[in-house]
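In: Predicted model and sequence follow; I will ask about them next.
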There are 2 protein chains.
Amino acid sequence: MNGAQAVVRTLVDSGVTACFANPGTSEMHFVAALDTVPQMRGVLCLFEGAATGAADGYGRMTGRPAAVLLHLGPGLANGLANLHNARRARTPLLAIVGDHATYHKRFDAPLESDIDALAGSVSGWVRRTSRSADAPADAAAAASAAMSAPGQIATLILPADVTWTDGAESASPVRPRPAAVVPDEVIADAASALRSGEPAVLMLGGSGLHRAALEAASRVARATGARLIAETFPARLERGAGIPAIDRLAYLAEFAAAQLDGARHLILAGAREPVSFFAYPGKPSYLVPEGCQMHVLAEAGDDIAGALAALAEVVAPDTRPSPQQPVRPALPEGDLTGESAAAVIGALLPEGAIVCDEANTSGLWLPGATAGAPPHDWLTLTGGAIGQGLPLATGAALACPDRPVLALEADGSAMYTASALWTHAREQLDITTVIFSNRSYAILNMELERTGATTAGRTARSLLDLSRPAIDFTALAVGMGVPATRAVTAGELAAQLRNALAEPGPHLIEAALPAPG
Amino acid sequence: MNGAQAVVRTLVDSGVTACFANPGTSEMHFVAALDTVPQMRGVLCLFEGAATGAADGYGRMTGRPAAVLLHLGPGLANGLANLHNARRARTPLLAIVGDHATYHKRFDAPLESDIDALAGSVSGWVRRTSRSADAPADAAAAASAAMSAPGQIATLILPADVTWTDGAESASPVRPRPAAVVPDEVIADAASALRSGEPAVLMLGGSGLHRAALEAASRVARATGARLIAETFPARLERGAGIPAIDRLAYLAEFAAAQLDGARHLILAGAREPVSFFAYPGKPSYLVPEGCQMHVLAEAGDDIAGALAALAEVVAPDTRPSPQQPVRPALPEGDLTGESAAAVIGALLPEGAIVCDEANTSGLWLPGATAGAPPHDWLTLTGGAIGQGLPLATGAALACPDRPVLALEADGSAMYTASALWTHAREQLDITTVIFSNRSYAILNMELERTGATTAGRTARSLLDLSRPAIDFTALAVGMGVPATRAVTAGELAAQLRNALAEPGPHLIEAALPAPG
């Protein structure tokens, strides 16, 4: 078989069975190879950012990498922002970047560019294959690297002649590096801090926010009085009725500082030291209170749930976790606002839902309104690069075809990768998208004040305004094959959301919110 | 004034008066500074690729750089593909990338990434400013670098604290490096080749495709019998009735080889050595015929028109250029095809039009059908990174508000940066977009054969298919505020194009073409 066929075969044997693709001429042999290995599912995306975001969503939900197939440097460039988010989420993800044939590169043809520089900026592992015979082993190594704990982006650069040259054989899977077991003395150090009687915060991140880890952490918190806090932007937070609840560290540094205030011990389990998302004049970037001692119970690549379970066995052997009680908001009537929209979603969120949350400022009320809904997963904008939500939903829905997916999207963010809706329609994915349409980059209107940019006037404000012209998201959705409606009252949103959730396949609801401030 | 105000002031003094912006928190002081320097026009784009492509169009038409304002690494990443095209076009362009405050970077906050690596991949000049007091001089140097012959991307990385710190003063403009005068002996060498009696090709690129250079080249060709050929993807080709006509080197290597066949001398004036766009199994990448001698008359940074004029004075002192005669196709009736659509455009193309051509396979007949139309400029996809046409039109229309702009767009390419339509509407730009909708990545269906990917079957073909679901471009356009119609016959296209051209402001016409093959 040729290099492409051997690579696809090897990837399938390594557990990589989905490929989000936006191919070009240099990837034609890879595309053709999909017909020879039917176990690999090819999913067409109309823009690379829609493909990489989908692979992120898929990897977050399955723990296995999806492949993305990208066309040379510009294709990788278009996918980079969502790869950045995936890197921050520590998602297992395999980027396959087609390149010119090895002998063609020296001619500096129009699409030639520095792929390696771009790949290096987001990948934990990068390799450029130069011989067809090496391609399968490189593919196996790439899949293994992507899956190695805690998960990372592995990028394999495949020149066109490597894919079309015959004589390759598929390679055996390579065992990924497993999560590291946390040593007993580290557990003992954390236990000692928790038993000191001084105020302690146990901060969780990564797989520390999955159910088993949350239950162990809840036992620790109940037994010791430690506060539980989640990282601000989890890759995947399991929550809802029956699962111990946890507040996320606030996005705004002022509020985050209040959450951590008074802590004498900060115990990190899969979370990083808390820092401000942006710098602001005269405000601190580093949020750990003075005099607070740091304890790293588990790093991202460690067995976080195992460490928390071990810790619970030491400090809370007889304590049970404290589950969230089932409670939902009443269905609101009247004006549609961020708050009433959140109540509608909290009232109707189905069991097992996967929520892809890129609602930004409009989503302020969502965590509270959905806390006691039936169990669900909450996926967030891990890297701050907007344009993630709609693609993330694509991947989550393909990963979990039996679960309903909700994409909660700010209007400004939705416009970065709106073509993901087309893939929602093409694959008939069970995704309900709610656009929080306030016709503004509302967060920037707030940030303009917070950064002290006092000279801002009409011109500056106009650069944050999306009302001229107003974007009709129902037209965009229908134009890409997704049925869509617009809600202007809370009651309309409830009726439309109920209908959308009841009917399989993709839907979009434009929630027309008041303009900010 | 603060760093941002001093930078904006300096840029305006340096001739940079347009800024295509997609800002975030780290750019708030730059945005606020626009209110203090009203000579800088801020134009909001909903995605960074729409901003960088617009700056490319602006720079191609004015010869002066526009600024783009981008938000950290992910913002730059989203703009990279069209920066790649601008790099290949040698467009003067100033990228301003906001970054975290200098003291904030070490905390590796979520949006932190390797901006410098990305910037280096497309820029001829990169600088990171670390002190507010240095920012204005860095801005002046950046503007100068962008404008230095032949034009390039200059990237200035501005940390947030550099922009908000007070005490900066605006800096004086820095004179850009002018185009180099070509020495007499180089002219003499080319003249000698042309007088040898052996078949010669004079290949033009860059500013060698503007009117004055074409007229000089035409004189040379008439006097010596040399063939004129243009580079395949010109940044800006001046053409139409009254201007000497020139064929572009074919995209397909087979046809390009035929165009160059038999040449014993290849004289390059602003063009690069012809190479194949992609590699294909068993086909040559390097297209210069064996035994053909290369002569570099003028490189990109040289005074190309001056060199051609000097050459004409030597070999064609008494010869006049051969202007294209005015001739237009008849308005076709009947079915809408790539050919009849081209005839409609050729019949109606207005004088002074700026054509942004990303019609790809559907555009095959356009050059022939428009060759004898009134004088116009033709802007092409210089770097092969699709998603350029709609943003390029934004910039061209802002650069030349008195000229009609036509964006001729393939459907697949249009979906990469469709949000550019919103800026067309917001700024009420006089842009008529024609979408060549064949519901396919038609070029890839062709490339699948050409690359010999013979195992391609149903799966591979489905990854090149845009018909499930069909995209309704009129809905997308109307959803973003651009009036739109759909043409299914040649007569409808003619009527709709005439109306769109007659009415100021943006319009979109979806030309429903037959599916390929």
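Out: Perfect, thanks for sending it.

In: so when I look at A:Gly73, I'm seeing a helix, right?
Out: Yes: under DSSP: H, G, I helix; E, B strand; the rest coil, A:Gly73 sits within a helix.

In: count of residues packed around the closest residue in space to it that isn't next to it in sequence?
Out: Spatially, and ignoring its direct neighbours in sequence, A:Gly73 is nearest to A:Ser113 (3.4 Å; Cβ to Cβ, 6 or more residues apart in numbering or on different chains). All C-beta atoms are positioned from the backbone trio N, CA, C, and that covers glycine. As a burial measure, A:Ser113 scores 26 neighbours (other Cβ atoms under 10 Å in any protein chain shown).

In: Correct me if wrong: A:Ser113 contacts B:Ser121.
Out: Yes: at 5.9 Å, A:Ser113 and B:Ser121 qualify as touching, with contact defined as Cβ atoms under 8 Å.

In: shared neighbours of those two, anything?
Out: By Cβ atoms under 8 Å, 6 or more residues apart in numbering or on different chains, A:Ser113 and B:Ser121 have these common neighbours: A:Gly73.

In: Hmm, A:Ala119 is touching A:Ile157, no?
Out: Yes: shown here, A:Ala119 and A:Ile157 form a contact pair, counting by Cβ under 8 Å, at 6.7 Å.

In: who's more crowded, these two?
Out: For A:Ala119 versus A:Ile157, neighbours defined as other Cβ under 10 Å are more numerous around A:Ala119 (26 against 23).

In: quick one: the more buried one is in a strand?
Out: No: looking at A:Ala119 with three-state DSSP, it is helix, so not inside a strand.

In: What pLDDT is listed against it?
Out: Note on A:Ala119: pLDDT of 98.

In: show me the contacts for it.
Out: Contacts for A:Ala119 (Cβ under 8 Å, 6+ apart) come out as A:Leu76, A:Ala95, A:Val97, A:Val126, A:Thr155, A:Ile157.

In: Just list the residues touching the single nearest residue of the stretch 301-450 of chain A relative to chain B, thanks.
Out: Across the stretch 301-450 of chain A, the shortest distance to chain B (Cβ to the nearest Cβ) belongs to A:Ala385, at 3.5 Å. The contact partners of A:Ala385, by Cβ under 8 Å, 6+ apart, come to A:Ala81, A:Asn82, A:His84, A:Asn85, B:Pro74, B:Ala77, B:Leu111.

In: what does the stretch 51-200 of chain A have sitting close to chain B?
Out: A:73-75, A:77-78, A:80-81, A:84, A:88, A:100-101, A:103-104, A:107-111, A:113-114, A:117-118, A:120-122, A:160-161, A:164 (Cβ under 8 Å from any Cβ of the partner chain).

In: List only buried entries from those residues.
Out: By neighbour count, with 16 or more other Cβ atoms under 10 Å in any protein chain shown, these hold A:73-75, A:77-78, A:80-81, A:84, A:88, A:100-101, A:104, A:107, A:109-111, A:113, A:117-118, A:121-122, A:160-161, A:164 as buried.

In: on that earlier part again, nearest residue to the residue of the stretch 301-450 of chain A closest to chain B other than its sequence neighbours?
Out: With Cβ to Cβ, 6+ apart as the criterion, A:Ala385 has its nearest non-adjacent residue at 3.5 Å, and that residue is B:Pro74.

In: Repeat that for A:Gly24.
Out: Spatial nearest neighbour of A:Gly24, chain neighbours left out: A:His71 (3.4 Å); criterion: Cβ to Cβ, 6+ apart.

In: cool, and A:Leu118?
Out: Spatial nearest neighbour of A:Leu118, excluding adjacent residues (Cβ to Cβ, 6+ apart): A:Leu76 at 5.1 Å.

In: Now do A:Leu463 against B:Gly3, distance only.
Out: In this view, A:Leu463 and B:Gly3 are 19 Å apart by Cβ to Cβ, to the nearest Å.

In: One more: A:Leu266?
Out: Between A:Leu266 and B:Gly3 the computed distance is 35 Å (Cβ to Cβ).

In: Which one of the two is surrounded by more residues?
Out: B:Gly3 (30 against 24).

In: my guess is the residue nearest to A:Ala385 meets A:His84, correct?
Out: Yes: between B:Pro74 and A:His84 there is a contact at 5.1 Å, judged by Cβ under 8 Å.

In: what touches both of those two?
Out: Contacts common to B:Pro74 and A:His84, judged by Cβ under 8 Å, 6+ apart, are A:Gly383, A:Ala385, B:Ser113.

In: and the lowest-mean-pLDDT helix or strand in chain A, which residues are buried?
Out: Here the helix or strand of chain A ranked lowest by mean pLDDT, DSSP states H and E is helix A:442-450, holding a mean of 88. By 16+ other Cβ under 10 Å, the buried positions in helix A:442-450 come out as A:Ala442, A:Ile443, A:Leu444, A:Asn445, A:Met446, A:Glu447, A:Leu448, A:Arg450.

In: Then stretch A:486-506?
Out: Within stretch A:486-506, the residues that count as buried by 16+ other Cβ under 10 Å are A:486-487, A:490-497, A:500-501, A:505-506.

In: One more: stretch A:251-270?
Out: A:251, A:253, A:256-257, A:259-260, A:263, A:265-270.

In: just stretch A:28-44 next, same as before
Out: So for stretch A:28-44, counting by 16+ other Cβ under 10 Å, buried means A:28-37, A:40, A:42-44.

In: Show the overlap between those residues and what lies near chain B.
Out: Among these, chain B is touched by A:Met28, A:His29, A:Val31, A:Ala32, A:Ala33, A:Leu34, A:Asp35, A:Thr36, A:Gly42, A:Leu44 when using Cβ under 8 Å from any Cβ.

In: CSV for those, including distance to B:Ala371 and pLDDT?
Out: Compiled in CSV, those are given as follows (distance: Cβ to Cβ, whole Å; pLDDT from 0 to 100):
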residue, distance to B:Ala371, pLDDT
A:Met28, 32, 96
A:His29, 37, 96
A:Val31, 36, 96
A:Ala32, 38, 96
A:Ala33, 42, 96
A:Leu34, 42, 95
A:Asp35, 42, 94
A:Thr36, 45, 94
A:Gly42, 41, 97
A:Leu44, 36, 97
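
In: Identify, from those residues, the entry nearest to B:Arg195.
Out: A:Met28 (45.7 Å; Cβ to Cβ).

In: who's in contact with A:Ala154?
Out: Contacts of A:Ala154 by Cβ under 8 Å, 6+ apart are A:Pro65, A:Leu93, A:Leu94, A:Ala95, A:Ser123, A:Gly124, A:Trp125, A:Val126, A:Ala142, A:Ala143, A:Ala145, A:Ala146.

In: again with A:Pro332
Out: Taking Cβ under 8 Å, 6+ apart, we find A:Pro332 in contact with A:Ser340, A:Ala343, A:Val344, A:Ala490, A:Ala494.

In: if we take the contacts of A:Ala119, which one ends up nearest to chain B?
Out: Using Cβ to the nearest Cβ, A:Leu76 comes nearest to chain B of these, at 8.8 Å.
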